[in-house]
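1. Need the 3D shape of this:
(4 chains)
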Protein chains: 2
Amino acid sequence: MKNTEAATNLRMTRQRRIILEELCKLKSHPTAYDLHDLVRDRLPNVSLATVYRNLEILSDQGIIQRLDTGPGQRRFDGNPAPHSHVRCIGCGRVADSSSSPEGLNEAGQICSECGYLILGCTIEYTGLCPECRKDPAAAPANNWEV
Amino acid sequence: MKNTEAATNLRMTRQRRIILEELCKLKSHPTAYDLHDLVRDRLPNVSLATVYRNLEILSDQGIIQRLDTGPGQRRFDGNPAPHSHVRCIGCGRVADSSSSPEGLNEAGQICSECGYLILGCTIEYTGLCPECRKDPAAAPANNWEV
DNA sequence: GTAAATGCAAATTGTTTGCTTACTG
DNA sequence: CAGTAAGCAAACAATTTGCATTTAC
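-> Residues are numbered from 1 along each chain as shown, chains lettered A, B, ... in the order given. Okay, here's the model as predicted:
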């Protein structure tokens, strides 16, 4: 039930639409909990589970973006295009970074777009390890390998 | 109890030493659970909580590195120096990447150091948001702000 | 001797799932 | 009307914590 999932016919429900609308309205990158709070202003009975389910579906569809970086809760970005982020080590908030990739040594600078004081930078590549390239289907079983 | 913590006198217990030794022996980046499994060969009664506690303390001290990137469990790196990583989207394993920062468009290439097929790249900066810069002590309270 | 660390079990937190009912296409 | 999605509550997984006991310095 991951990426081997058959495509289903998605329906644009009231909840899904409002969750998406509210997320896209924000320049920030809320947690599911944050967004649930916001959406409840328009849909008082919406459940947190629905927010989680829709955020997952929408990011699987490439309509929004999951930010799995950093400790703590997962955050979401209404903009699916790849771009870099700055995470505040104080409060955990995440903002878009205007920083260009070549500016890797800009620790100590203030990001012109978001006003964050830049302290560090992490680069993470994603890919497939040799084992998973051989047999992608077997990959999840290796999950616990050190 | 975060970064405002007073320095305590750390003691090099048998458990702490062995946890550190085993982590540093690895070229891989295990989860706390993985490491607990390994350490139990030498310390059969060590608890998972002790492993978690020590990994946190050691990374707070800058002796090891926490990898908070990616979904799923946190991973740890015995090498505290900043360097980039590749995370397998199949099995979740993390390896060191030899990729140079300028090689950002190397999707499709095989990492010469780890053999992973590179598919994507995420850049995340860390820093302090304007609010936390004003009053770092107040920062954690803003944790929930969207 | 005293503060720090351990082991154990229980508590928390963030996220997911099962199931029945409601609603979209 | 057929199948997807919602709401609710319960289940889960990863991590953290309380507490009595042990250990390092």
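2. and stretch A:68-79, what's its mean pLDDT?
-> For stretch A:68-79, mean pLDDT rounds to 92.
3. which parts of the longest strand anywhere in chain A are buried?
-> Looking across chain A with DSSP state E, the single longest strand is strand A:117-128. For strand A:117-128, a neighbour-count test (16 or more other C-beta atoms under 10 Å in any protein chain shown) marks A:Leu117, A:Ile118, A:Leu119, A:Cys121, A:Thr122, A:Ile123, A:Glu124, A:Tyr125, A:Thr126, A:Gly127, A:Leu128 as buried. Placement of C-beta: from N, CA and C, glycine included.
4. For the one helix or strand A:Glu56 maps to, give me every contacting residue.
-> Secondary structure from DSSP states H and E places A:Glu56 in helix A:48-60. Contact with helix A:48-60 is made by A:10, A:15-16, A:19-20, A:23, A:32-33, A:35-36, A:39, A:64-66, A:76, A:80, as judged by C-beta atoms under 8 Å, 6 or more residues apart in numbering or on different chains.
5. Helices along chain A, start to end?
-> A:14-25, A:32-39, A:48-60, A:130-134 (DSSP state H).
6. Any chance of these in TSV with mean neighbour count as columns?
-> Listed next are those as TSV, based on neighbours: other C-beta atoms under 10 Å in any protein chain shown:
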stretch	mean neighbour count
helix A:14-25	17
helix A:32-39	20
helix A:48-60	17
helix A:130-134	16
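7. In a markdown table: those, plus mean pLDDT and distance to B:Ile89.
-> As requested, the helices of chain A are exported to a markdown table (pLDDT from 0 to 100; distance: least, C-beta to C-beta, whole Å):
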| stretch | mean pLDDT | distance to B:Ile89 |
| --- | --- | --- |
| helix A:14-25 | 98 | 23 |
| helix A:32-39 | 98 | 21 |
| helix A:48-60 | 97 | 13 |
| helix A:130-134 | 91 | 8 |
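8. In JSON lines, list the ones you listed along with distance to B:Leu48.
-> Putting the helices of chain A into JSON lines (distance: least, C-beta to C-beta, whole Å) gives the following:
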{"stretch": "helix A:14-25", "distance to B:Leu48": "36"}
{"stretch": "helix A:32-39", "distance to B:Leu48": "27"}
{"stretch": "helix A:48-60", "distance to B:Leu48": "27"}
{"stretch": "helix A:130-134", "distance to B:Leu48": "26"}
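9. May I see those helices organised as a markdown table, with distance to DNA strand C added?
-> Shown next, in a markdown table, are these (distance: least, C-beta to the nearest atom of the strand, whole Å):
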| stretch | distance to DNA strand C |
| --- | --- |
| helix A:14-25 | 5 |
| helix A:32-39 | 5 |
| helix A:48-60 | 3 |
| helix A:130-134 | 20 |
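10. so which of these comes closest to A:Gly70?
-> helix A:32-39 (14.6 Å; C-beta to C-beta).
11. hmm, that closest one in reach of DNA strand D?
-> No. Using C-beta under 7 Å from any atom of the strand, helix A:32-39 never reaches DNA strand D; the gap is at least 9.0 Å.
12. For that helix, what is the distance to the chain centroid?
-> 14 Å (C-alpha atoms, centre = their mean, to the nearest Å).
13. and chain A, which residues reach DNA strand C?
-> Close to DNA strand C, as judged by C-beta under 7 Å from any atom of the strand, chain A has residues A:1, A:9, A:11-14, A:31-33, A:48-49, A:52-53, A:56, A:72-74.
14. switch to 6 Å and redo it
-> Counting by C-beta under 6 Å from any atom of the strand, chain A comes close to DNA strand C at A:11-14, A:31-32, A:48-49, A:52-53, A:56, A:73-74.
15. For B:Arg87, which of the helices of chain A is the nearest?
-> Of all the helices of chain A, helix A:130-134 sits nearest to B:Arg87, with 11.2 Å by C-beta to C-beta.
16. Excluding chain neighbours, give the residue nearest to A:Gly115 in space.
-> B:Pro130 (4.6 Å; C-beta to C-beta, 6 or more residues apart in numbering or on different chains).
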